[in-house]
Each structure stands twice: as C-alpha cells, then as structure tokens.
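Visitor: Here is a sequence with its predicted model. Questions after.
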Amino acid sequence: MSWLPPDDDDLDPYGEYDESSVRARPNPKANRPRSKQRPAHVDAVVGRIVTVDRGRYLALVDENGEEEREVITTRARELRKTAIVTGDRVDVVGDVSGEEGALARIVRVHDRRTLLRRSADDTDVVERIVVANADQLMIVVAAADPEPRPRLVDRYLVAAFDAGIAPLIVVTKTDLADPGPFLEHFAGLDVAVVRSSSEDPPVDELLAHLRGRTTVAVGHSGVGKSTLVNALVPGAGRATGHVNAVTGRGRHTSSSTVSLRLPGSEGWIIDTPGIRSFGLGHINPDSIVTAFGDLAAIASTCPRGCTHLPDSPDCELVEAAERGELGPLGPQRLDSLQRLLTTLTRSAY
Ligand SMILES: Nc1nc2c(ncn2[C@@H]2O[C@H](COP(=O)(O)OP(=O)(O)OP(=O)(O)O)[C@@H](O)[C@H]2O)c(=O)[nH]1
Ligand SMILES: [Zn+2]
C-alpha cells in the first residue's frame with residue numbers, strides 16, 4: 001500500500017528531481033515553493049546515509065545524540081529517479097526505530113554541498129554520483145610496490161577539483177622508497193601531502209587533516225589504503241560489517257562505499273573499495289580551471305573555446321606566463337593546470 005495519494009505525482013515537486021537536475025548546480029529545487037498538497041512529513045527524522053547496497057540505504061539517525069541508531073531504509077516512490085548515495089542527508093519516515101526487521105522510507109534528499117562524480121570511462125558522458133557532501137579526497141598512493149603513477153593521481157585531482165572538494169595526497173610505504181621525485185609532479189599545486197609508513201603511521205598528522213571533515217579515500221589496489229584506514233579507525237573491520245546488516249551479503253560488493261567514523265566522532269572516512277579510478281568523461285574543463293582561482297580570472301578573458309594548452313592561439317594564460325606576469329610560481333601552476341586539462345583528453349588508465 002502506498003503512503004501517497006495515487007494522483008500525487010504531478011503535485012510533488014520532487015517527482016522530476018533526477019540526476020539530470022543534480023548536474024545543473026546549484027540545485028534547481030532549492031528555490032521551488034513547497035506544494036501545499038505534498039505530505040509535510042512533519043514526523044520525518046534526518047539521517048546520514050552511511051552505506052548503500054542495491055536499493056537499501058543505511059541511515060544514521062540522531063547522529064551523536066542519545067538515540068543515535070542505524071535505520072534501514074528504502075526510497076519513497078517519488079524519489080525513484082533520484083540518486084541517493086553515501087554521504088547524503090535525507091528525511092526518513094515510517095518505522096525509524098532501527099529495530100530488527102524495520103524498514104523506513106526516505107522521502108527527501110537534502111541539498112548537497114558537494115558531489116563526487118565519475119563516469120564509467122572517459123568516453124561516457126553519463127555521470128554517476130559516488131559520494132555526496134564530502135569535504136576532502138584522500139588520494140592514497142604508494143612510494144613503491146606498486147610504483148606510483150602521477151597520471152593516476154592527476155585523474156583523482158581532476159575529480160576532486162571538479163567536485164569542489166579539497167585533495168589530500170597521502171604517500172604510503174615511504175620505508176621502501178623516497179617519494180620526493182614523484183611528489184615534484186605536484187609541487188605546482190596547493191595540495192597537502194602526508195608521508196606514511198606502516199611501521200610508524202602518522203596518525204596525529206593525518207587526524208589534523210581529517211578532523212571535522214568528511215573525507216573520501218581512494219587509491220589503486222595494494223597501495224596500503226586499508227592499512228591506513230585501520231590505523232586511523234581502530235576496529236574499522238568490525239564497523240564495515242554494517243553492509244551485512246542491510247542485506248546479509250558480503251561487504252565487498254563491487255560498488256559499495258562504507259562510512260567509518262573517526263574515534264571521538266571527529267569526522268568520517270568514506271572508503272570506496274570498488275572504485276579504483278574515475279572516468280572523467282562527464283567533466284567540463286571549465287570546472288578544473290575554476291579550481292585555480294587566480295588563473296581562472298585570467299582565463300576568463302581568453303578567446304572563446306580556448307583550451308589554455310601551450311599551442312592554443314591567443315591564450316591569455318600562456319601569454320601572461322610568457323610576459324612573466326603570473327608570479328614566481330605561476331608558470332609551474334600553469335603547467336599543472338595544463339597537465340590536468342590534458343588528462344581530460346587522454347584515454348583512461
Ligand atoms: N613496506 C610497507 N608495506 C606496507 C605499508 N602499508 C601497507 N603495506 C603492505 O602493502 C600491502 C597492501 O596493503 P593494503 O592495506 O591491503 O592495501 P590496499 O590499498 O587496501 O589494497 P586493496 O586491499 O587491494 O584495496 C600489504 O601487504 C601491507 O602490509 C607501508 O607503509 N610499508
Ligand atoms: Zn586560454
């Protein structure tokens with residue numbers, strides 16, 4: 001039995017809220033008047049989606065409150081076209097007790113501050129939302145074993161800049177090799193770097209970056225991401241068992257993301273075990289230029305359709321660099337920007 005009157009779809013302002021409207025940020029629903037006919041759901045509680053698995057969403061309700069609990073939910077009919085992802089804030093109604101066998105319903109997805117997105121591959125312009133409301137992308141890369149690949153890190157950086165979230169590079173296995181030469185690739189970017197070795201993981205230094213934030217961790221297989229997450233979140237293995245509570249299936253499903261709370265409720269790490277790389281087909285190069293504030297202002301005076309690459313005619317950025325007008329770090333920053341823009345035109349690794 002539906003909880004909505006059968007003819008309610010036309011009145012529901014969220015009925016047409018699908019991923020295509022998400023793409024046109026800022027979210028167009030933000031300014032829409034509330035329909036009087038729409039059920040108000042005054043009894044709705046707010047939840048944080050901590051994991052998603054095939055149509056079931058685990059929502060943390062009353063976060064850090066006395067009645068904090070995990071509630072298994074499904075989405076209401078009018079949200080059937082809406083992507084709901086880990087990190088989303090949602091309004092939940094129905095049986096929100098969190099007791100065994102209880103199933104509640106998501107009736108609203110709150111506006112998102114950020115969206116980390118990817119496409120299946122670089123030729124695919126259809127985007128998929130990976131995580132909502134993250135503040136930071138922790139890019140985990142090993143100094144050796146496996147060899148670090150600057151181009152893969154570039155791809156992660158592009159995804160972070162596109163999402164409007166701050167990148168953080170963590171180099172693991174520094175006991176095996178000096179990451180200095182590798183890190184020179186990123187010297188022109190204003191990106192924080194933390195060096196880590198499992199013998200002596202820099203937990204305090206990392207927590208300083210993670211505290212009070214929601215951080216998504218990404219990295220190629222074998223770089224030591226799990227080792228790092230376990231050092232940061234003691235008992236993380238147990239906590240990731242949450243997905244089992246949702247569906248009874250194993251937690252290493254191909255696309256599952258898992259939210260882990262830092263000790264003392266000081267922030268969240270979202271692990272993305274199924275996501276090794278980001279297709280960048282959906283990304284507009286302008287969003288990368290925008291991330292380079294000062295350079296973006298100059299780029300806005302470029303000829304229409306300017307690629308800002310070294311061979312592009314009359315590019316204001318290239319010319320300003322040649323005239324020495326970009327400051328001491330300018331040419332290096334422009335190089336970095338050009339490399340990331342080139343990343344968008346390369347095929348996927
Ligand atoms: N020498 C050295 N080995 C490390 C370090 N960190 C992790 N390792 C080892 O590297 C291997 C991979 O570590 P994991 O933490 O499983 O790597 P992962 O990135 O989670 O890999 P997946 O499980 O494939 O996603 C393990 O054998 C670890 O013991 C480090 O700082 N130094
Ligand atoms: Zn230009």
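Guide: Yes, it's here. Ligands and ions are numbered 1, 2, ... in the order given.
Visitor: Ligand 1 contacts on the stretch 201-349 of the chain?
Guide: The stretch 201-349 of the chain comes close to ligand 1 at residues Gly219, Ser221, Gly222, Val223, Gly224, Lys225, Ser226, Thr227, as judged by C-beta under 6 Å from any ligand atom. To be clear about C-beta, it is placed using only N, CA and C from the backbone, and glycine gets the same treatment.
Visitor: is the spatially closest residue to the fifth one that is not a sequence neighbour in a bridge, and if so with what?
Guide: In space, Gly224 comes closest to Thr172 once its chain neighbours are excluded; the distance is 3.9 Å by C-beta to C-beta, 6 or more residues apart in numbering. Beta-bridge partners of Thr172, counted by DSSP bridges, are Ala142.
Visitor: Among the residues of the stretch 201-349 of the chain next to ligand 1, which pair sits farthest apart?
Guide: The largest separation in those, counting by C-beta to C-beta, is between Ser221 and Thr227 at 12.6 Å.
Visitor: Neighbour count for these two, which is higher?
Guide: Applying other C-beta atoms under 10 Å to Ser221 and Thr227 shows that Thr227 carries more neighbours, namely 15 against 8.
Visitor: Quick check: the gap between Gly279 and ligand 2.
Guide: Taking C-beta to the ion, to the nearest Å as the measure, Gly279 falls 25 Å from ligand 2.
Visitor: Kindly report the same for Val52.
Guide: Per C-beta to the ion, Val52 is found 40 Å from ligand 2.
Visitor: what does Gly180 give?
Guide: Note on Gly180: its distance to ligand 2, by C-beta to the ion, is 32 Å.
Visitor: Quick one: residues contacting the residue sitting nearest the centre point of the chain.
Guide: By C-alpha atoms, centre = their mean, the chain has its centre lying nearest to Leu116, at 3.3 Å. Leu116 sits next to Ile129, Val130, Val131, Ala132, Ala134, Leu137, Ala159, Ala160, Ala163, Ile165, Val216 when contact means C-beta atoms under 8 Å, 6 or more residues apart in numbering.
Visitor: Just the buried ones from those residues?
Guide: Neighbour counting by 16 or more other C-beta atoms under 10 Å classes Ile129, Val130, Val131, Ala132, Ala134, Leu137, Ala159, Ala160, Ala163, Ile165, Val216 among those as buried.
Visitor: Please produce a markdown table containing these, extended by distance to Gly47, secondary structure and pLDDT.
Guide: Below are the buried ones among the contacts of Leu116 laid out as a markdown table (distance: C-beta to C-beta, whole Å; DSSP: H, G, I helix; E, B strand; the rest coil; pLDDT from 0 to 100):
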| residue | distance to Gly47 | secondary structure | pLDDT |
| --- | --- | --- | --- |
| Ile129 | 17 | strand | 79 |
| Val130 | 19 | strand | 86 |
| Val131 | 16 | strand | 93 |
| Ala132 | 13 | strand | 95 |
| Ala134 | 17 | coil | 97 |
| Leu137 | 24 | strand | 96 |
| Ala159 | 26 | helix | 89 |
| Ala160 | 26 | helix | 91 |
| Ala163 | 22 | helix | 89 |
| Ile165 | 22 | coil | 93 |
| Val216 | 19 | strand | 95 |
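Visitor: So which of these is the closest to Arg89?
Guide: Nearest to Arg89 among these is Ala132, at 8.0 Å by C-beta to C-beta.
Visitor: surely that closest one meets Thr114?
Guide: Yes - Ala132 lies in contact with Thr114 (C-beta atoms under 8 Å); the separation is 7.0 Å.
Visitor: Roughly how far does Arg48 sit from Val218?
Guide: Noted for Arg48: a distance of 20 Å to Val218, by C-beta to C-beta, to the nearest Å.
Visitor: When those two are compared, which one has more neighbours?
Guide: Using other C-beta under 10 Å as the criterion, Arg48 and Val218 rank with Val218 on top: 28 against 21.
Visitor: quick one: the helices in the stretch 201-349 of the chain?
Guide: 203-210, 225-232, 236-239, 242-247, 285-290, 293-299, 316-322, 330-343 (DSSP state H, counting those that start in this stretch).
Visitor: likewise the stretch 1-150 of the chain?
Guide: Using DSSP H, counting those that start in this stretch, helices in the stretch 1-150 of the chain cover 19-23, 150-163.
Visitor: Could you tell me the least trusted of the ones you listed?
Guide: Ranked by mean pLDDT, the helices of the stretch 1-150 of the chain end with helix 19-23 at the bottom, a mean of 39.
Visitor: Would you mind listing where the chain has pLDDT under the threshold?
Guide: Low-confidence segments of the chain, defined by pLDDT under 70: 1-40, 236-255, 274-277, 346-349.
Visitor: Which residue ranges make up each domain of it?
Guide: 9-109, 115-271, 285-343 (automatic domain parsing).
Visitor: hey, which of those domains is tucked in deepest?
Guide: Ranked by average neighbour count under the criterion mean count of other C-beta atoms under 10 Å, these are headed by domain 115-271 at a mean of 18.
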